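>>> give me the fold of what follows.
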Amino acid sequence: MSYGLYDADLPYYPIPFYNLELMKLSSYYKRKREIVGLAPSYSPNRYNHFIVRQDFYNPYTQLPTYSNVEYGGRAFDGDKYKPLPLDIERMKPDISLYGSLNPKLAHGYNKNALSTMRRAEHVRLSLDGSTVWKDFEKQFRHDSDNFGIIFHDYNLNNVDGALVLIKDNLTDWISNSLGRRVGMKYPVIVNNKTDLISWLELQPMGTYFSLTHQGLIDESYIPEMTEVMQTSAAYQQLSVDLTNCYTNEELINGGIQRIFRNIINLRSYHIVFPLIYNENSLIDDDWKNVMKLIARYTQHLVVKRRSAFFNTVEPFETLYSYCYAAIKQYHIKEPILEKESIQKIFNFVRENNYDLFKDFYEYRGGEVRNDR
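Have a look, this model is predicted:
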């Protein structure tokens, strides 16, 4: 019997993530001497049984119905993981399943990204999302060239004892002393200083490490954050999620100014991050554009983090000077950064929140730290 395994996320997402469940299913059916292959496209008619896994919801994914198709993954099952049968969950994932993946299949995956996936342990720590699964170590392949672990849990911070377990056992799990890095398929979500600092202490597996703080990062976090930034680059994969943190009225009546000042103050200590927010929380289109511009500015700071940008007076640039440079120097072609759009946003803020308008021109935050 032939089994086609189709990863429906591959065509749409620029960072490649192997699908853990597909790799376990491959190991399981190969052990049963079945014919198993990674399907390069949605083609159920070419196999006796076709298994689709999709973890990231995409409204553009339209899959025709076939009688031999089995669907699974977070996009179909929701935010609560639906475990496979335990004899399959205990399987070591078949990394070779993705060996035939063409780097040009999805967004030109580079060889380094695919190598990172191949040389990592792929593990789900919990089956119920809250407690460590007693058999999770059966998933380890223990390949000698593995240099890290990628966890596939929906939010590791919700798994009781996960962080302590990882810190205490990483050197035993990964024999390569040059590695022992940690990545995750889904962001670790935290909302307090203790959890944030603790996760930032891990050595990240590059872009495969993802940490999200819910709500603004309080400036009282700065001493601990700047200290941990000396020993780990995990802070470079930090984002801030403001979704559900403010009502429409709170944002308009001072919330946006607090957000803007917080971003500038943290920037002075080299703490920069992508900003996630719910655009629909702002009813007025003009205020939506104000937040879009601030969010675009934070993305600019992230991109500039590793350049001479943070070793010059330029970190003190105001939002106004950034917008001016976006037009004159960076030549960024985006609707929100077109001259007419910027003028409209600034005029709107001047008329509706003059204090914020002044901040756009004048606010530079605290004193820049160049002692790292």
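>>> list the buried residues for the longest helix along the chain?
Longest helix in the chain by number of residues (criterion: DSSP state H): helix 285-304. Neighbour-count burial for helix 285-304, counted by 16 or more other C-beta atoms under 10 Å, picks out 287, 289-298, 300-301, 304. For the C-beta atoms, the positions are set from N, CA and C on the backbone; glycine is no exception.
>>> just stretch 10-20 next, same as before
For stretch 10-20, by 16+ other C-beta under 10 Å, it's 10, 16-20.
>>> just send the residues you listed back as JSON lines, with pLDDT too.
Compiled in JSON lines, the buried residues of stretch 10-20 are given as follows (pLDDT from 0 to 100):
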{"residue": "Leu10", "pLDDT": "85"}
{"residue": "Pro16", "pLDDT": "75"}
{"residue": "Phe17", "pLDDT": "88"}
{"residue": "Tyr18", "pLDDT": "92"}
{"residue": "Asn19", "pLDDT": "96"}
{"residue": "Leu20", "pLDDT": "98"}
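>>> show the contacting residues for the nearest residue to Gln237 once chain neighbours are set aside.
The shortest distance from Gln237 to any non-neighbouring residue, by C-beta to C-beta, 6 or more residues apart in numbering, is to Phe209 (4.5 Å). When contacts are counted by C-beta atoms under 8 Å, 6 or more residues apart in numbering, Phe209 touches 181-184, 202, 234, 237.
>>> ok, back up a step: now, which of the buried residues of stretch 10-20 lie within helices?
Leu20.
>>> my guess is Asn191 contacts His213, does it?
Yes. Here Asn191 reaches His213: they are 6.8 Å apart, a contact under C-beta atoms under 8 Å.
>>> between the two, which one's more packed in?
His213 (25 against 13; other C-beta atoms under 10 Å).
>>> and the strands in the stretch 101-250 of the chain?
Secondary structure of the stretch 101-250 of the chain, counting by DSSP state E, counting those that start in this stretch: strands at 120-123, 148-151, 181-184, 188-190, 211-214, 238-241.
>>> how about these in JSON lines, adding distance to Asp355?
As requested, the strands of the stretch 101-250 of the chain are arranged in JSON lines below (distance: least, C-beta to C-beta, whole Å):
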{"stretch": "strand 120-123", "distance to Asp355": "48"}
{"stretch": "strand 148-151", "distance to Asp355": "44"}
{"stretch": "strand 181-184", "distance to Asp355": "40"}
{"stretch": "strand 188-190", "distance to Asp355": "31"}
{"stretch": "strand 211-214", "distance to Asp355": "26"}
{"stretch": "strand 238-241", "distance to Asp355": "22"}
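>>> quick one: least confident helix or strand in the chain?
The weakest-scoring helix or strand in the chain, judged by mean pLDDT, DSSP states H and E, is helix 111-118 (a mean of 76).
>>> hmm, Lys167 is touching Val182, no?
No. With contact defined as C-beta under 8 Å, Lys167 does not reach Val182; the gap is 9.4 Å.
>>> between those two, which contacts overlap?
Leu202.
>>> for these two, indicate the residue with more neighbours.
A direct count of neighbours by other C-beta under 10 Å for Lys167 and Val182 places Val182 higher, at 24 against 13.
>>> how close does that one get to Val228?
Between Val182 and Val228 the distance, using C-beta to C-beta, to the nearest Å, works out to 14 Å.
>>> kindly report the same for Arg364.
Arg364 is 25 Å from Val228, by C-beta to C-beta.
>>> likewise for Met91?
36 Å.
>>> those two: which is more packed in?
Legend: neighbour count by other C-beta under 10 Å for Met91 and Val228, higher for Met91 (20 against 17).
>>> next up, the contacts around the more buried one.
Here Met91 is in contact with 24, 27-28, 31, 138-139 (criterion: C-beta under 8 Å, 6+ apart).
>>> I appreciate the help and will end here.
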